[in-house]
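Chemist: Could you look at this predicted model? Sequence included:
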Amino acid sequence: MVDEAARGPARRKARPARRKSAGGASVAQEPRPKRTKKTLGDDFLAAVRADFRAHGAGVIAEVRAGKPDQYLKIVLSVLPKDFDVAINHLDALSDILFEVIVRKFRANS
C-alpha cells in the first residue's frame, strides 16, 4: 500500500470563477421577499377545520344516508395509499406452518 503522505499534498478541485454583476460590486442587491407564514393551503385547511368542527358529524351522517357513493369516496380518500386490504392472512403462511396449525386445532377438538 502506498502511504498517502508519500504521494504529496492533496489536490483540491478547481472552483469555477464567480461572475460579477454588470453594475459592479457597489450595487447593493435587494433582499429576497420573505415567505409568508400562512399559505393559501394553510388558510384553506383552517377554514375546512373550522367548518367541520361546527357541522362535521351531522353532515357526515347526511352524506352517508343520502349519497353513499360519495361517502365511500371520502373514506377512501383519507386512507393511506398502501393500506393493506387483505382479508385472508393465511396466504402468507407457509404450507408446513399451516399444517402445524391445523393439526393443533384438530387435536384440541
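Modeler: Received it, and whenever you're ready, just let me know what you need.
Chemist: Show me the shaky parts of this structure.
Modeler: Low-confidence segments of the chain (pLDDT under 70): 1-12, 14, 16-17, 19-28, 31-38, 83-87, 89-90, 108-109.
Chemist: longest helix in it, by residue count?
Modeler: helix 40-66 (DSSP state H).
Chemist: what element comes up after that one heading to the C-terminus?
Modeler: helix 68-78 (DSSP states H and E).
Chemist: buried residues in that following helix?
Modeler: For helix 68-78, a neighbour-count test (16 or more other C-beta atoms under 10 Å) marks Tyr71 as buried. C-beta: built from backbone N, CA, C; applies to glycine.
Chemist: That one versus helix 40-66: what angle between them?
Modeler: Angle of helix 68-78 versus helix 40-66, following axes from the mean of the first three to the mean of the last three C-alpha atoms, to 10 degrees, is 140 degrees.
Chemist: What residues sit buried inside the very next helix or strand once past helix 68-78?
Modeler: Using DSSP H and E, the next helix or strand after helix 68-78 towards the C-terminus is helix 95-108. Buried residues in helix 95-108, defined by neighbour count with 16+ other C-beta under 10 Å: none.
Chemist: returning to what we had before: what residues sit buried inside the longest helix of the chain?
Modeler: Here helix 40-66 shows Val63 as buried, counting by 16+ other C-beta under 10 Å.
Chemist: List the contacts of Ala47.
Modeler: Residues counted as contacts of Ala47 (C-beta atoms under 8 Å, 6 or more residues apart in numbering): none.
Chemist: Same question for Asp91.
Modeler: Not one residue lies near Asp91 by C-beta under 8 Å, 6+ apart.
Chemist: Could you rerun that using 10 Å?
Modeler: Phe98 (C-beta atoms under 10 Å, 6 or more residues apart in numbering).
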